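> one predicted model, sequence on top.
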Amino acid sequence: MVPAFVGGLPGGMEFAVIFLMLVSFAIAAFVVVAVGRMAFGGGSDDQRVAELEARVAELEAELAEERQDDEQ
């Protein structure tokens with residue numbers, strides 16, 4: 001009969017544990033990177049800021065028109 005653990009070579013369960021550890025480390029790294037990108041931005045904020053500034057300018061122009069209409 002062959003023993004389950006021969007001469008320091010890993011068997012099936014050891015490979016499963018190693019695989020699960022690698023997967024858990026990969027998931028942890030992905031979560032850290034995702035949280036870091038959310039916290040510190042993704043680098044595409046310039047375009048978003050420009051869109052928001054254009055929208056604010058548009059709303060201010062609409063408000064100015066409404067105020068002129070109310071005065072008349």
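Done, it's in. Residues are numbered from 1 along each chain as shown.

> for the chain, give me the ranges with low pLDDT.
1-9, 41-44 (pLDDT under 70).

> which helix runs longest in this protein?
Determined from DSSP state H, the single longest helix within the chain is helix 12-40.

> which residues touch residue 38?
The contact partners of residue 38, taken as Cβ atoms under 8 Å, 6 or more residues apart in numbering, number zero. Every C-beta, even on glycine, is put in place using the N, C-alpha and C of the backbone.

> how about the longest helix of the chain: buried residues?
For helix 12-40, burial by neighbour count (16 or more other Cβ atoms under 10 Å) applies to no residue.

> ok, then the element right after it?
Next helix or strand after helix 12-40 toward the C-terminus (DSSP states H and E): helix 45-71.

> what helices and strands are in contact with that following helix?
Here helix 45-71 touches no other helix or strand, going by 3 or more Cβ pairs under 8 Å, 6 or more residues apart in numbering; DSSP states H and E.

> got the buried residues for it?
Buried residues in helix 45-71, defined by neighbour count with 16+ other Cβ under 10 Å: none.

> that one: how far from the chain's middle?
30 Å (Cα atoms, centre = their mean, to the nearest Å).

> do stretch 63-72 as well
Distance, centroid of stretch 63-72 to centroid of chain: 44 Å (Cα atoms, centre = their mean).

> go on, stretch 39-59?
The chain centre lies 18 Å from the centre of stretch 39-59; the measure is Cα atoms, centre = their mean.

> which residues touch that stretch?
Contacts for stretch 39-59 (Cβ under 8 Å, 6+ apart): none.

> repeat for stretch 21-30
Here stretch 21-30 has no contacts from other residues, using Cβ under 8 Å, 6+ apart.

> got the CA positions of it in PDB?
Taking Å, rounded to 0.1, in the frame of the first residue of the first chain, the C-alpha atoms of stretch 21-30 are listed here in PDB:
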ATOM      1  CA  MET A  21      -4.900  30.500  -1.100                       C
ATOM      2  CA  LEU A  22      -3.700  31.800  -4.500                       C
ATOM      3  CA  VAL A  23      -7.300  32.600  -5.400                       C
ATOM      4  CA  SER A  24      -8.000  34.400  -2.100                       C
ATOM      5  CA  PHE A  25      -4.800  36.400  -2.500                       C
ATOM      6  CA  ALA A  26      -5.800  37.400  -6.100                       C
ATOM      7  CA  ILE A  27      -9.200  38.400  -4.900                       C
ATOM      8  CA  ALA A  28      -7.700  40.500  -2.000                       C
ATOM      9  CA  ALA A  29      -5.400  42.200  -4.400                       C
ATOM     10  CA  PHE A  30      -8.200  43.000  -6.800                       C
END
